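A.B. asks: Based on what follows, work out the 3D shape:
(2 chains)
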There are 2 protein chains.
Amino acid sequence: MINFTPGPSQLYFTVENHVRQAFRDGVPSLSHRSKEFEKISKTTTDGLKELLGIPADFHIFFTGSATEIWERVIQNLVEEQSLHFVNGAFSKRFHEIAGQLGKENIKIEAPLGHGFIDFKTEPTELIALTHNETSTGVSLSMDFINQFRDQHPDSLIIVDAVSSLPYPQFDFTKIDSLFFSVQKGFGLPAGLGVWIVNDRCITKAELLLSKGISIGSYHNLPTLLANAKKNQTPETPNTLSIYLLGKVVEDFLRRGIQQIRKETEYKATLLYQALSQHKLIDPFVIDPKVRSQTVIVAQTGVHTESIINHLQSHGFYPGEGYGEKKKEQVRFANFPTHSKETFEHLVDLLEKLS
Amino acid sequence: MINFTPGPSQLYFTVENHVRQAFRDGVPSLSHRSKEFEKISKTTTDGLKELLGIPADFHIFFTGSATEIWERVIQNLVEEQSLHFVNGAFSKRFHEIAGQLGKENIKIEAPLGHGFIDFKTEPTELIALTHNETSTGVSLSMDFINQFRDQHPDSLIIVDAVSSLPYPQFDFTKIDSLFFSVQKGFGLPAGLGVWIVNDRCITKAELLLSKGISIGSYHNLPTLLANAKKNQTPETPNTLSIYLLGKVVEDFLRRGIQQIRKETEYKATLLYQALSQHKLIDPFVIDPKVRSQTVIVAQTGVHTESIINHLQSHGFYPGEGYGEKKKEQVRFANFPTHSKETFEHLVDLLEKLS
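C.D. replies: Numbers count the residues shown, from 1 in each chain, chains lettered A, B, ... in the order given. Purely as a prediction, here's the structure:
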């Protein structure tokens, strides 16, 4: 069977072998204060820097989940106010968390399935962008993301790329922080978030601290940084997951990030074309400029159940629509683990339903 | 080789097989909103309730680490002041976290290697007890822990049992919360904390919330409870680890908790006896009443390096002394994964050094 849910998703095909090797090498019993752990941690962060083109003035930290990072972003980087672009369940949750932490949380909204047009932004401390809204399959373009740096040079620009990385190529001169979790594009078991921040973020957290504002304890940015400088973590981390992420990143580097990007676009084009030409199904996102390449949402309406049954009978398990769209949509993850052949087969299966 | 470090420690011997089964059953790709996940989560929490004798009015929540639980305890349960019993690095860290979160953090201190005597406690919101101080091998007796309920009926009594569970038998009528992480006594890869709380804790968190005090977001107690009632978690959790914990708990239940307790005491007695009779080594903790049964610390002084080398040459890897004690102590975990035969062998090896 092949799992197309947008996360946890199909494991990357090398993961099980890497787990076996990890057990042979005693990785799960390693002390997180040992040289062996530091080596694993460094391999993973160095690999990520190469794969994603992360500049030297950015740091990479490990957390329990991307959900945790939403909270840590607000806790460490916002004194009074953050601005959130909300167009689905996940960007909405990020916005809510700012409120739960007692911050003034402004939002700019777009309808489900759409990008943002006709908005005006006032100066603010932090701009929260969800690159890929997993619930609806809408992606922000790089031009959209990159516009804010010049407009608001003093704002920290934070990008949630949970369900798009490693595909997108970000311009790190235009953003201050990027984060993801490993159970989506990286094809790993869940239980690890990866938080990438620059020195502007560290400085901001230190500023809040100097004003007597609590920025949390073991996972505040200065503590994360002090430990990361030694290739360590403040707490006993999910060492196995950090190891596996390093191994999958090595696999991705061998395959080549350009190759992964090209294949992602090929597979997305193939599926969007099939959905557009289909008699019973439409792409949910109308505007091709904001269509996600990594989470493709099909408007299946009254045919939802029969389409899911048809695909499952061939071992293809699509994701359900999110929340209120559960009964009328299906979602297809298009991650590096999903091969071109798998997508060609998927499209064939959908066409048989026409 | 056998790992005696107090955590991450030697894996429980069944873990690798459980991992294989998990991959065969697709556990790492399961949605945390699926019925299959709910079943796994329920198996694990039901098993823990049976193993540890947890009453029905307690709830079990999953976090990223026990370090996270230190922070969540303070964030959710303390408005102004907490009281901490500090006698080592880990109880000290719990106390510090309360300060980092802006609370008045009172402490009662004992010297390293000792229990608490001659202290007086004033009424306070929360009493933080570290049942087993992993850094020094000092345990609090059950009488010690159980004295506070009558003295301070309004205080929440919180017990860190990170490096002692599943061995100790707590009286849940005398405490309000208990927590641990899985990489110690449960013999699992790190990356999961388990937080057990009663309804008094939930009520206190709700009280703080009603006063407009931030208790965090996705991992505040009301949110954890709302999800746990559905056997779910607020975020995508470390599903594999929740599954493995359930499996190891089943293994423990088959072996029998009384059997595990008896064997733990037998092994501890054996090792403390050997240390007491040894010419070059002493038990670090002098008072037998506060000696940990699960983390046994040896004062090895100038012989530290040669003792470690001797043991390692036979495939026995003790833990180093903690912090400032690194060069003069070694620590031996005595967890369910360490067999009686292993401890008998360890004692033989130590005796050869006399």
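A.B. asks: quick one: contacts for A:Arg331?
C.D. replies: Neighbouring residues of A:Arg331 by C-beta atoms under 8 Å, 6 or more residues apart in numbering or on different chains: A:4-6, A:137, A:295-298, A:318-322. Using the backbone N, CA and C atoms, a C-beta is placed for each residue, glycine as well.
A.B. asks: Point out where chain A drops to low pLDDT.
C.D. replies: Of all residues in chain A, none has pLDDT under 70.
A.B. asks: Domain ranges for it, per the record?
C.D. replies: If you go by automatic domain parsing, the domain ranges for chain A are A:2-8+A:256-351, A:15-254.
A.B. asks: Can you get me the start-to-end distance on the shortest one?
C.D. replies: Distances were taken as C-alpha to C-alpha, to the nearest Å; on that basis the terminal residues of domain A:2-8+A:256-351 are 18 Å apart.
A.B. asks: what ranges do the strands span in chain A?
C.D. replies: Along chain A, counting by DSSP state E, strands occupy A:2-4, A:58-63, A:81-86, A:104-109, A:126-130, A:132-133, A:138-139, A:156-160, A:177-181, A:193-198, A:282-283, A:295-299, A:316-320, A:329-333.
A.B. asks: Only the buried residues of the fifth one, if you could.
C.D. replies: Going by neighbour count (16 or more other C-beta atoms under 10 Å in any protein chain shown), the buried part of strand A:126-130 is A:Leu126, A:Ile127, A:Ala128, A:Leu129, A:Thr130.
A.B. asks: got JSON lines for the residues you listed, with distance to B:Gly99 too?
C.D. replies: Output for those, formatted as JSON lines (distance: C-beta to C-beta, whole Å):
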{"residue": "A:Leu126", "distance to B:Gly99": "26"}
{"residue": "A:Ile127", "distance to B:Gly99": "32"}
{"residue": "A:Ala128", "distance to B:Gly99": "29"}
{"residue": "A:Leu129", "distance to B:Gly99": "34"}
{"residue": "A:Thr130", "distance to B:Gly99": "34"}
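A.B. asks: now, which of these sits nearest chain B?
C.D. replies: Distance to chain B across the buried residues of strand A:126-130 (C-beta to the nearest C-beta) is lowest for A:Ala128, with 13.8 Å.
A.B. asks: just the buried residues of strand A:126-130 that are near chain B?
C.D. replies: With C-beta under 8 Å from any C-beta of the partner chain as the criterion, those include none near chain B.
A.B. asks: one step back: now, which of the contacts of A:Arg331 lie close to chain B?
C.D. replies: The subset of those lying close to chain B, counting by C-beta under 8 Å from any C-beta, consists of A:Thr5.
A.B. asks: how about CSV for the contacts of A:Arg331, with distance to B:Leu280 added?
C.D. replies: CSV is the format used below for those (distance: C-beta to C-beta, whole Å):
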residue, distance to B:Leu280
A:Phe4, 63
A:Thr5, 59
A:Pro6, 60
A:Gly137, 67
A:Val295, 63
A:Ile296, 68
A:Val297, 69
A:Ala298, 72
A:Pro318, 66
A:Gly319, 62
A:Glu320, 65
A:Gly321, 69
A:Tyr322, 64
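A.B. asks: From the contacts of A:Arg331, pick the one nearest chain B.
C.D. replies: A:Thr5 (5.9 Å).
A.B. asks: Who are the contact partners of the closest one?
C.D. replies: Counted by C-beta under 8 Å, 6+ apart, A:Thr5 has contacts A:Tyr317, A:Pro318, A:Gly319, A:Glu320, A:Arg331, A:Ala333, B:Ser29, B:Ser31.
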